[in-house]
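Enquirer: The sequence and its predicted three-dimensional model are supplied below.
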Amino acid sequence: NAGVTQTPKFQVLKTGQSMTLQCAQDMNHNSMYWYRQDPGMGLRLIYYSASEGTTDKGEVPNGYNVSRLNKREFSLRLESAAPSQTSVYFCASTRQGGYTDTQYFGPGTRLTVL
Amino acid sequence: GNSVTQMEGPVTLSEEAFLTINCTYTATGYPSLFWYVQYPGEGLQLLLKATKADDKGSNKGFEATYRKETTSFHLEKGSVQVSDSAVYFCALKSSNSGYALNFGKGTSLLVTP
């Protein structure tokens, strides 16, 4: 199993450009999440999908949109990138949600917006 | 709301030293508690977890006990190795936001030979 995969690994954008970050998992997990990691801030939740066909906002959703394309894939879109969106983005998945299930993380996408 | 507070880093230790990284939390209800580790350039990996009060999570020589009375989940290891150098994140999970994780800010650990 590859686990959680993310593409691309690195990306540089100019202000105002758009892009989509891809995430896929092969563990048949129901719930998927997007987090961003900034220095000194830990990880913060952007959006999540509790199950196929549903998406909800997290702590910092402004400037982002998501699509749960199918059970495996959960993409994050920046419509008009801003320097404040320079960050490392992590996708995660978990079998069912719930208190005890472990979340598995992808390797991350390092995004720089100039 | 839910929050996690962990000690500021960086923490620098000599090999074979004793490690403690403090973590306290604020949450409604009965969250599950986790420690994740991030090695340089990589994603986060689960280190250990505890799902109810007085549970002890352990893995690779690391331990943490879920203390409801002090709302704490401190990470300990008796003898650290150079390979333990990484960033450690304490996190809690509650029913908010689809059981997403609330993370502390992370503690960087450097172990020197």
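Expert: Everything's here; your move. Every value quoted in this text rests on a predicted model; they were computed, and no experiment measured them.
Enquirer: how close does residue A:2 get to residue B:44?
Expert: 16 Å (CB to CB, to the nearest Å). Placement of C-beta: from N, CA and C, glycine included.
Enquirer: So for these two, which residue has more residues nearby?
Expert: Between residue A:2 and residue B:44, counted using other CB atoms under 10 Å in any protein chain shown, the more crowded position is residue B:44 (28 against 9).
Enquirer: Thought residue B:65 was touching residue B:52, still the case?
Expert: No. Using CB atoms under 8 Å, residue B:52 is not in contact with residue B:65, being 11.3 Å away.
Enquirer: So for those two, which residue has more residues nearby?
Expert: Neighbour totals were compared for residue B:52 and residue B:65, and residue B:65 leads with 17 against 13 (other CB under 10 Å).
Enquirer: Going by secondary structure, residue 48 is in what exactly?
Expert: Chain wasn't specified; assuming chain A. Using DSSP states H and E, residue A:48 maps to strand A:42-49.
Enquirer: Can you look at chain B instead?
Expert: Assigned by DSSP H and E, residue B:48 falls within strand B:44-50.
Enquirer: Return the residues of chain A in contact with chain B.
Expert: Residues of chain A lying close to chain B by CB under 8 Å from any CB of the partner chain are A:4, A:31, A:33, A:35, A:40-45, A:48-50, A:56, A:58-59, A:90, A:92, A:94, A:97-108.
Enquirer: Would you mind giving me the PyMOL syntax to select the buried ones in the residues you listed?
Expert: The buried subset of the residues of chain A next to chain B, as determined by 16 or more other CB atoms under 10 Å in any protein chain shown, is captured in PyMOL by this line:
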select buried, chain A and resi 4+31+33+35+42+43+44+45+48+49+50+58+59+90+92+94+97+99+101+103+104+105+106+107+108
